[in-house]
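Starting from these lines, generate the structure:
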Amino acid sequence: MALLSVKNLEVVFPLRSGLVTAIKDVSFDLEPSERIGIVGESGAGKSISAFAILNLISKPGYLSAGSIVFKGQDLARLGEEEMRQIRGNEISMIFQDPMMTLNPVLTIGTQMEETILAHKNLSRRAARKISVAKLKAVQIPSAETRLAQYPHELSGGMRQRVVIAIALLSDPRIIIADEPTTALDVTIQAEILELLLTLCNDFEVGLILITHDLGVVAQVTQRILVMYAGRIIEQGPTHQVIARPMHPYTQGLLGALPEKTRPGQRLNQIPGVMPSLQEIPDGCPFHNRCDYAQAVCKVDLPALGGKGARAVACHFPLNQ
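Numbering: from 1, shown residues only. Alright, predicted model coming up:
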């Protein structure tokens, strides 16, 4: 049985011009200890899908359809007090900018201890002991000393390790990581990704990794969901999707990776831009940017379908 089962998720935002659908028909399962990546450009719906799981959609947006079943209960039907027992306790989230996540006027120790005490009936001494253990788990040296420091006294990579340690405080079953390496240099990125992989294996935690970089998900995840204009357009095992992409958009994302270009050449790019959610064209939303588009692509929206573990929403899929 899946640890998390998301079915036909839809999120809308009421605007003066009418309802705008941010994500539609998003469905996926996360098995215990599984690591999946959600990939796409900015505006594809990656973060909205993750925020919807924890009912963190900014008002006036709301979940208009679908179910989010976790441990037998539908999170989409829970009230705010019930969701407080899930957030941070059972499902934790890591945001992309640790300086926005951490409070600059509180010490690391205060922030970690208050997080624990908000979820568990423990003494402050016990909370401090857990905090030290989690800092050591994310490979922060001199963990006891770090508790007395403020966020600005730590490097970017160290701050992100603290954020990951906070996400682990209540021993969650699932961690959602929203672009956790975006603000870091390449060397630190690799260390953080290796750390996430190690922690998932050691603590048997399921991971949902949100990123625009297929190179990142290739290092960490077992399965990929590719999103475009609020929909999942391709999914499958990570190694299969990267080796043989079936959707032209996925092929374009892979082709845009720096390692796909020889030194001195311009980086490859997908022509055009993703359509605004208020101006999504008829048919396949990618057809205006697609080299393989035909007449049917401008009229009919392709359904997500396929055989086995692979699925693609394309009238003329590649590499079949």
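
from here on, contacts and neighbour counts on C-alpha atoms
Will do.

Show me where the stretch 101-250 of the chain dips below the pLDDT cut-off.
183 (pLDDT under 70).

80 instead, please
Regions of the stretch 101-250 of the chain meeting the criterion pLDDT under 80 cover residues 181-186.

biggest helix in the protein by residues?
helix 186-203 (DSSP state H).

chain center to that helix: distance?
The chain centroid and the centroid of helix 186-203 are separated by 15 Å, computed with C-alpha atoms, centre = their mean, to the nearest Å.

Pull up the gap between residue 43 and residue 264, please.
30 Å (C-alpha to C-alpha, to the nearest Å).

try residue 202
Separation of residue 202 from residue 264 (C-alpha to C-alpha) stands at 42 Å.

So which of these two has more stuff around it?
Using other C-alpha atoms under 10 Å as the criterion, residue 202 and residue 264 rank with residue 202 on top: 11 against 6.

ok, now which ones touch residue 169?
Under the criterion of C-alpha atoms under 8 Å, 6 or more residues apart in numbering, the contact list for residue 169 reads 112, 115-116, 130-131, 134.

Among these, which one has the most neighbours?
Within those, most neighbours by other C-alpha under 10 Å means residue 131, with 28 neighbours.

Now that one: phi and psi?
phi -60, psi -50 (degrees, to the nearest 10).

OK, contacts around it?
Contact partners of residue 131, counting by C-alpha under 8 Å, 6+ apart, are 109, 112-113, 165-166, 169.

wait, which of those residues is closest to residue 139?
Taking C-alpha to C-alpha as the measure, residue 139 lies nearest residue 165 of the contacts of residue 131, at 9.6 Å.

The closest residue to that closest one other than its chain neighbours: what's it in contact with?
Sequence neighbours aside, residue 134 is the residue nearest to residue 165 in space, at 5.3 Å (criterion: C-alpha to C-alpha, 6 or more residues apart in numbering). Residues in contact with residue 134 (C-alpha under 8 Å, 6+ apart) are 165-166, 168-169.

Return the member of the contacts of residue 131 nearest to residue 152.
Of the contacts of residue 131, the one sitting nearest to residue 152 (C-alpha to C-alpha) turns out to be residue 109, at 13.8 Å.

how many other residues sit next to that closest one?
By the measure other C-alpha under 10 Å, the count of residues near residue 109 is 21.

Show me what the strand or helix carrying it is packed against.
Take DSSP states H and E as the rule and residue 109 turns out to sit in helix 108-119. When contacts are defined as 3 or more C-alpha pairs under 8 Å, 6 or more residues apart in numbering; DSSP states H and E, helix 108-119 packs onto helix 124-137, helix 156-167.

helix or strand right after the longest one?
From helix 124-137 onward toward the C-terminus, using DSSP H and E, the following helix or strand is helix 143-146.

Quickly note the distance from residue 42 to residue 313.
20 Å.

Neighbour count: these two, which is higher?
Using other C-alpha under 10 Å, the more surrounded residue of residue 42 and residue 313 is residue 313, with 20 against 13.

and residue 225, how many residues sit next to it?
That count, for residue 225 with other C-alpha under 10 Å as the rule, works out to 25.

In the sheet, which strands lie alongside the helix or strand containing it, parallel or antiparallel?
According to DSSP H and E, residue 225 maps onto strand 223-228. Paired neighbours of strand 223-228 in the sheet (DSSP bridges): strand 35-39 (parallel), strand 231-237 (antiparallel).

would you turn those into TSV with distance to residue 182?
Output for the strands paired with strand 223-228, formatted as TSV (distance: least, C-alpha to C-alpha, whole Å):
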stretch	distance to residue 182
strand 35-39	13
strand 231-237	22
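
Generate TSV for those strands, with mean neighbour count and distance to residue 243 as supplementary columns.
Conversion of the strands paired with strand 223-228 to TSV gives the following (neighbours: other C-alpha atoms under 10 Å; distance: least, C-alpha to C-alpha, whole Å):
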stretch	mean neighbour count	distance to residue 243
strand 35-39	27	16
strand 231-237	24	10
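
Can you pull the phi and psi angles for the nearest residue to residue 196 once chain neighbours are set aside?
Among residues not flanking residue 196 along the chain, residue 220 sits closest, at 7.8 Å (C-alpha to C-alpha, 6+ apart). The phi/psi pair for residue 220 (degrees, to the nearest 10) reads phi -120, psi -40.
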